Each structure stands twice: as C-alpha cells, then as structure tokens.
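K.L.:
When you get a sec, could you give me coordinates for this:
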Amino acid sequence: MAAKGMNIAEEAHVVNILSPQDVDSGVDSDIFSMKNYGHVSIIVTAGSTDADAGNITVEECDDFSPSNNTAIGFTYYKEETDSGDTLSAKQTAASDGKIDVSANDNITYVIEVDAAELSDGYPNLRLCWSDPGGATYGSAVAVLTGARYAKESSATAIA
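P.N.:
Okay, the predicted model is just below:
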C-alpha cells in the first residue's frame with residue numbers, strides 16, 4: 001500500500017523568509033504571521049560557512065515592524081555533516097532559543113514551532129542570524145501548515 005504524500009503547494013504555505021545571501025554582519029529574516037496557521041517548519045540551509053558561523057535564534061513579534069520581539073525556545077533537527085541528508089534526533093533550544101551554527105559547509109536545520117507556543121499578542125515570527133566571524137552563506141524558508149482557512153491559493157503571511 002503506497003502512501004499519498006503531501007502536495008506542499010496546495011496543503012501548505014511557503015514563505016521565502018531569507019533569500020540566499022552572505023549573512024556576514026548578521027541578518028534578520030522577513031517577519032511572517034502564524035495567525036492563520038497552526039505550525040511552521042523553518043528550513044535553514046548554509047553553504048559555505050566560517051569557522052565561527054554565528055548562531056540562529058527565533059523571535060516572536062507583536063507586529064511586522066517589530067515593535068516588540070522576544071527570543072523563544074523551539075525544537076529542531078540538524079544535519080551538520082558536509083552534504084549529508086540525514087537529520088538528527090529532535091533537539092531543544094532553551095527559552096533564549098539559540099542554535100550554534102556548525103562550521104561545516106552544506107548544512108541544514110529544520111526548526112519546528114506550533115502557533116500555540118506563542119505568547120498572546122505575538123502572532124509573528126522571524127529568524128535572526130547573528131554576526132558570524134566571516135563569510136557565511138545561508139537561506140531560510142518557512143513552510144506553514146495547519147491553515148485555518150485552507151484554499152487552493154493561500155493568502156500572504158508577510159503583510
């Protein structure tokens with residue numbers, strides 16, 4: 001018996017929150033809303049990294065500015081070997097929500113956050129990559145699932 005699988009374009013909402021770039025000097029992703037979704041999987045990839053590749057935090061935000069933002073804890077999975085594709089067992093980032101990015105090239109992190117874990121009045125999230133010690137190239141995509149109002153074409157989550 002074959003499993004059906006998931007059509008991401010129809011059953012989820014994909015948001016390119018951090019286009020591929022050199023994150024040297026640190027960078028914050030676009031802020032996106034969880035208001036109409038129950039869960040987000042944030043897929044972070046890094047190509048070439050520096051020996052000090054910085055760290056990643058996830059912040060909950062009250063609006064799209066953000067006027068107020070706070071780092072949160074989350075669970076994540078990691079693949080920190082060069083060109084590997086096998087994620088680790090579940091890891092937990094403490095309430096200050098930080099991943100120390102591996103200095104290996106071609107790594108992946110999958111960060112998981114449920115909307116129910118966010119504080120009241122803080123329906124938005126962003127990813128923050130601290131200043132690495134040198135050139136580090138990365139990107140991130142948020143895959144929102146559990147839509148409250150699912151349709152074939154989903155509404156924006158970044159405005």
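K.L.:
tell me which element the residue most central in space within the chain falls in.
P.N.:
Computing the C-alpha centroid of the chain and ranking residues by CA atoms, centre = their mean puts residue 42 first, at 2.9 Å. Following DSSP states H and E, one finds residue 42 within strand 39-46.
K.L.:
What of residue 17?
P.N.:
Using DSSP H and E, the element containing residue 17 is strand 13-22.
K.L.:
strands paired with that strand, and their directions?
P.N.:
In its sheet, strand 13-22 lies beside strand 137-145 (antiparallel), with partners assigned from DSSP bridges.
K.L.:
ok, back up a step: and the strand holding residue 42, what does it pack against?
P.N.:
The contact analysis (3 or more CB pairs under 8 Å, 6 or more residues apart in numbering; DSSP states H and E) places strand 39-46 against strand 107-114, strand 124-129, strand 137-145. Every residue, glycine included, has its C-beta placed from N, CA and C.
K.L.:
thinking again about what came up before, which residues does the nearest residue to the residue nearest to the centre of the chain once chain neighbours are set aside contact?
P.N.:
Nearest-residue entry for residue 42: residue 111, 4.1 Å, with adjacent residues in sequence omitted and distances by CB to CB, 6 or more residues apart in numbering. Contacts of residue 111 were listed using CB atoms under 8 Å, 6 or more residues apart in numbering, and they are 41-44, 56, 58, 74-76, 99, 127.
K.L.:
pLDDT and distance to residue 145 added to these, as JSON lines?
P.N.:
Compiled in JSON lines, those are given as follows (pLDDT from 0 to 100; distance: CB to CB, whole Å):
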{"residue": "41", "pLDDT": "98", "distance to residue 145": "7"}
{"residue": "42", "pLDDT": "98", "distance to residue 145": "12"}
{"residue": "43", "pLDDT": "98", "distance to residue 145": "13"}
{"residue": "44", "pLDDT": "97", "distance to residue 145": "17"}
{"residue": "56", "pLDDT": "96", "distance to residue 145": "21"}
{"residue": "58", "pLDDT": "97", "distance to residue 145": "17"}
{"residue": "74", "pLDDT": "97", "distance to residue 145": "15"}
{"residue": "75", "pLDDT": "97", "distance to residue 145": "15"}
{"residue": "76", "pLDDT": "98", "distance to residue 145": "16"}
{"residue": "99", "pLDDT": "93", "distance to residue 145": "21"}
{"residue": "127", "pLDDT": "98", "distance to residue 145": "17"}
